[in-house]
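In: Show me the folded form of this:
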Amino acid sequence: MGRGCFAGAVRRAVAAGVGLLKGVKAKKVSVVLSLLPEAAGQVRAAVHASADALYTFTTTKPSAKAASIQGLQIGVAEEKPVREEFSEAQAAAVGVAFAKEWANRPANHATPSMLADAALKLGRKGPVKTKVMGPKEVAAMGMGAFLAVAQGSAEPLRFIVMNYHGAAKDSAPREQGKGITFDTGGISLKPAAEMDEMKFDMGGAASVLGTFAALNELRPAINVVGLIPACENMPDGRAVKPGDVVTSMSGQTIEILNTDAEGRLVLCDALPMPSDSSRGLSSILPPLTGACVIALGAVRSGLFSSSDDLAQALAAAGEAALDPCWRMPLDEDYAEGLMFHPT
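Out: A predicted model of the protein is given here:
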C-alpha cells in the first residue's frame, strides 16, 4: 500500500473511531499506531483525523456542547523518529481549527473589523506582527478597486497585513486571501436561495489567519507575509454599479460589468502591495469553488499557478495533508475565458 493510501486508511479509521467517542464522557483517548507497519505520514494523519472528528462549532450555538474529550495520546513504537511530524501536525491542526472557526461564523460575527481584531490578537501571541489599515489608508495607497467593492456596505473595510519573520529578510513568500465577509453580489444581486452560504466567501482570509496561527505554534525558519483585503459586497445606494470604471492600485482602469465579480477586484489591489515579499512567491487563496466543483467534483481542489515550482510544492503539500489538488491550465488559449491576460 502506498504512502498516500496507507495514511488515508489511518485517517479514515481514526476519524471513525474518535467520532464514535465524541459524545461519550471519556476525558482522554489513546490512538495506538505501534501495531501498524511503520509508514511516513500516519502520525500526521492520526492527529488531523482526531482534530477533525473532535471539532464542534459552538460560537453562535449556546446549547451546543463541545466534545468531552480533553486529551488525546498517539502511541507509536518509537517517539524520536516521528517527533517532528507530530509537532508539525499539531501546529497545523491549531491553524485548521482557527480557520474553521472564522469560516463558519455568520457574517455578523465575522465582520472585517472582527477579522482584523483576530489578526491583531495573533500578532500579540508570538513572532507574528500585524498591521491593520482602514478606508483612509487604503484610499491614500490608491486601492480604487478594493474601495469600490466596499463602498456599498455600512461595515468599514480593513486591509490586514501579517508578517512572520523566522529567517533572513531576503526570502519571504506571500500569501493572499480573499476576505469578502459577506457577498450579496452587490447590484448584480445573487439569487436568494442559499445566499446564506456567502458567509464562506472569506474562506481564503480564514485560511491565511489559520496559516499564521500555525506559524505561531511551529515557528519554522522561514518568512511569510499574509495579505487580507476584507470587506462586504452589499447593494445599497452607494454601491458600485455595473458599467462603473475604477482605477486599481497598479494604475489600470477596470470596467465593472458584473458587481458579483468582486473577488478579483479586492485581490488585484493587494497584489502590488510593497513588502518584504517582493522577491518571493505569491499564493492567492480565493474560495471561488463553484466552477471547480463542477470540473473536479468534491475530492480535489483546483490549483491555478503560473509558477511550476509553487504548483509542485502546493501539490506535494496537498498529498501529504490528504487534501489533494489538481493543477488547472493557464494557457493563452484560455485567456479570454479566464479573464487572464499573460504578459
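
In: quick one: low-confidence ranges for the stretch 201-343 of the chain?
Out: Residues of the stretch 201-343 of the chain that meet the criterion pLDDT under 70 lie in 274-289, 338-343.

In: ranges for the helices of it?
Out: 203-218, 262-270, 290-296, 308-320, 335-338 (DSSP state H, counting those that start in this stretch).

In: Would you mind writing the CA trace of stretch 142-162 as PDB?
Out: The C-alpha coordinates for stretch 142-162 follow below in PDB (Å, rounded to 0.1, in the frame of the first residue of the first chain):
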ATOM      1  CA  GLY A 142      -4.800  54.200  -4.500                       C
ATOM      2  CA  MET A 143      -6.700  51.000  -4.000                       C
ATOM      3  CA  GLY A 144      -9.700  52.100  -6.000                       C
ATOM      4  CA  ALA A 145     -10.900  48.600  -6.900                       C
ATOM      5  CA  PHE A 146     -11.000  47.500  -3.200                       C
ATOM      6  CA  LEU A 147     -12.700  50.700  -2.200                       C
ATOM      7  CA  ALA A 148     -15.300  50.300  -5.000                       C
ATOM      8  CA  VAL A 149     -16.400  46.800  -3.700                       C
ATOM      9  CA  ALA A 150     -16.600  48.100  -0.100                       C
ATOM     10  CA  GLN A 151     -18.500  51.300  -0.700                       C
ATOM     11  CA  GLY A 152     -21.900  49.800  -0.600                       C
ATOM     12  CA  SER A 153     -21.500  48.500   2.900                       C
ATOM     13  CA  ALA A 154     -22.000  50.100   6.300                       C
ATOM     14  CA  GLU A 155     -19.200  48.000   7.600                       C
ATOM     15  CA  PRO A 156     -15.800  49.700   7.000                       C
ATOM     16  CA  LEU A 157     -13.200  47.800   5.100                       C
ATOM     17  CA  ARG A 158     -10.000  46.600   6.700                       C
ATOM     18  CA  PHE A 159      -6.700  45.800   4.900                       C
ATOM     19  CA  ILE A 160      -4.800  43.300   7.100                       C
ATOM     20  CA  VAL A 161      -1.000  42.800   6.600                       C
ATOM     21  CA  MET A 162       0.600  40.000   8.600                       C
END
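
In: ok now it, how far from the chain's centre?
Out: 19 Å (C-alpha atoms, centre = their mean, to the nearest Å).

In: what does stretch 153-163 give?
Out: 16 Å.

In: same check, this time on stretch 157-173
Out: 16 Å.

In: Could I get the buried residue list for it?
Out: 157, 158, 159, 160, 161, 162, 163, 164, 172, 173 (16 or more other C-beta atoms under 10 Å). (Glycine included, C-beta is placed from N, CA and C.)

In: related to what we said a few turns ago, how about the helices of the stretch 201-343 of the chain, which one is nearest residue 36?
Out: For the helices of the stretch 201-343 of the chain, proximity to residue 36 was assessed by C-beta to C-beta; helix 308-320 is nearest, at 18.1 Å.

In: Can you spell out which helices and strands pack onto that closest one?
Out: Helices and strands touching helix 308-320, by 3 or more C-beta pairs under 8 Å, 6 or more residues apart in numbering; DSSP states H and E, are strand 301-303, strand 325-327.

In: Which elements pack onto the last one?
Out: In this case it means strand 325-327. Packed next to strand 325-327, using 3+ C-beta pairs under 8 Å, 6+ apart, are strand 301-303, helix 308-320.

In: what would the helices and strands packed on helix 308-320 look like in TSV with mean neighbour count and distance to residue 115?
Out: TSV is the format used below for the helices and strands packed on helix 308-320 (neighbours: other C-beta atoms under 10 Å; distance: least, C-beta to C-beta, whole Å):
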stretch	mean neighbour count	distance to residue 115
strand 301-303	17	22
strand 325-327	17	25
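
In: export those strands to CSV and tack on distance to residue 97?
Out: CSV is the format used below for those (distance: least, C-beta to C-beta, whole Å):
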stretch, distance to residue 97
strand 301-303, 19
strand 325-327, 21
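
In: just to revisit the earlier point, can I get the helices and strands packed on strand 325-327 in JSON lines including distance to residue 144?
Out: Below are the helices and strands packed on strand 325-327 laid out as JSON lines (distance: least, C-beta to C-beta, whole Å):
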{"stretch": "strand 301-303", "distance to residue 144": "29"}
{"stretch": "helix 308-320", "distance to residue 144": "28"}
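
In: looking at these, which is buried most?
Out: strand 301-303 (a mean of 17; mean count of other C-beta atoms under 10 Å).

In: in its sheet, what does that strand sit against?
Out: strand 325-327 (parallel) (DSSP bridges).
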